[in-house]
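>>> mind looking at a prediction? Sequence and model below.
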Amino acid sequence: MKDTAPENRGGYKGPSLRPGTYNTSDKDLIFFELGKGGVDFPAILSHLNQIKWKGWMTVELDRTATTSKNSSRITSNTWKTCWS
């Protein structure tokens, strides 16, 4: 699972990106911690619960405008909220 800006749902649609040129500040964010972008994770997880999904799920965290530790904390809290 990965969260992105609403305008990038289905894949990034902007200009070509070079490593280190995106998600370096609040002004150039493309990827977000779970629950901070435009993907409706509560709805997705609700549907997976309804169909009794038992498979794997992974979370991918790209570079964000904060620290890795803070990104992990935000994502973990969102994940816990979605499943409760």
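Arrived safely, thanks for sending.
>>> please, where are all the strands along this structure?
3-4, 31-32 (DSSP state E).
>>> now do the first one: everything it contacts.
Just to be clear, that refers to strand 3-4. With contacts defined as CB atoms under 8 Å, 6 or more residues apart in numbering, strand 3-4 is touched by 12, 30-39, 41. Placement of C-beta: from N, CA and C, glycine included.
>>> mind listing what's buried along stretch 29-40?
By neighbour count with 16 or more other CB atoms under 10 Å, stretch 29-40 contains the buried residues 29-37, 39.
>>> swap in stretch 77-84?
78-79, 82.
>>> again with stretch 64-81
Within stretch 64-81, the residues scored as buried using 16+ other CB under 10 Å are 64-65, 71, 74-75, 78-79.
>>> next step: those residues restricted to helices.
Using DSSP state H, 71, 74-75, 78-79 are the members of these that sit in helices.
>>> need these in a markdown table (columns: pLDDT).
Output for these, formatted as a markdown table (pLDDT from 0 to 100):
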| residue | pLDDT |
| --- | --- |
| 71 | 86 |
| 74 | 88 |
| 75 | 86 |
| 78 | 85 |
| 79 | 82 |
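>>> remind me which residues of this structure are low pLDDT?
Screening the chain residue by residue with the criterion pLDDT under 70, one finds the ranges 1, 8-28, 84.
>>> thank you, goodbye.
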